[in-house]
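Trainee: sequence first, predicted coordinates after that:
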Amino acid sequence: MDFLFKQVATDNPLGFAIVMGIALLCGIIISVVYRLGTDRPSKYMMITAIIMPAVVQTVIMLVNGSVGAGVAVAGAFSLVRFRSVPGSSRDICILFLAMASGIGSGMGYIWYSLIFTIAISLIVLIAEKIIPSEHNRNSRLLRILVTEDMDYNGLFDDIFNEYTSKFSLQFVKSVRMGTMFDLQYVVNMKDVTKEKEMLDKIRCRNGNLTVSCGLVPVNRDEL
């Protein structure tokens, strides 16, 4: 087991190729974990997760032993935060995992880096399975337009009880100069194939006014 604790020399072409290969392997593992954990993955986020460990590994190798170069690179990396839109907490976690893997590979500890990446990836996958989510694949954002003279409290509860396992009124907004109310619900469908049937009954109840149903927007816990 001593080979797990040895550094790989990166000052020769073979060592560089080995370290680069491990970094890319770690990136692929992290990208797969990101893909498995979301229904709407970002193509470029997956590409970033693949190449970031290799990029960080190369930077660490180039600045190894040079304090001035290390400070310059740290400053360059810090500017990325101010040139980027806020990301979700999950995306930031994936990026930090990729960076940590790249740093470990760049220092020559390829087995540490690989074992660390696999272990954290398994923890992420297990946590996403056992920790309940607020919404699931059957969750829908339902918007219903009603006239101002309608008492919307409990107006559609019997329909929701029939077709959904859970529903909640998120907020109410007055529209069209106060003549209408826009009701926004989040519902969990019992059977998504009966979505049209539910919408038809709602249209009969609200006077055939606008009813829309779509996926619940991704909740972005921004960091």
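Mentor: Right, received. Where do you want to start? Source: prediction; values computed, not measured.

Trainee: which strand in the chain runs the most residues?
Mentor: If you go by DSSP state E, the chain has its longest strand at strand 164-175.

Trainee: pull the residues that contact it.
Mentor: 138, 145, 148, 152, 160, 180-190, 198 (C-beta atoms under 8 Å, 6 or more residues apart in numbering). (C-beta placed from N, C-alpha, C; glycine too.)

Trainee: those in strands, which ones?
Mentor: Per DSSP E, the subset of the contacts of strand 164-175 in strands is Leu145, Met180, Phe181, Asp182, Leu183, Gln184, Tyr185, Val186, Val187, Asn188, Met189.

Trainee: out of those, which are buried?
Mentor: By neighbour count, with 16 or more other C-beta atoms under 10 Å, those hold Leu145, Met180, Phe181, Asp182, Leu183, Tyr185, Val186, Val187, Asn188, Met189 as buried.

Trainee: Ile159: neighbouring residues, count only.
Mentor: For Ile159, the tally of surrounding residues (other C-beta atoms under 10 Å) stands at 19.

Trainee: quick one: it from Thr117, how far?
Mentor: 48 Å (C-beta to C-beta, to the nearest Å).

Trainee: so after the helix or strand bottoming out on mean pLDDT in the chain, what's the next helix or strand?
Mentor: Taking mean pLDDT, DSSP states H and E as the measure, the chain has helix 67-82 as its least confident helix or strand, at a mean of 58. Tracing the chain C-terminally past helix 67-82 and defining elements by DSSP states H and E, one meets helix 89-106 next.

Trainee: can you name every helix or strand that the helix or strand just after that next one contacts?
Mentor: Moving toward the C-terminus from helix 89-106, the next helix or strand (DSSP H and E) is helix 110-130. Under the contact criterion of 3 or more C-beta pairs under 8 Å, 6 or more residues apart in numbering; DSSP states H and E, helix 110-130 touches helix 13-36, helix 89-106.
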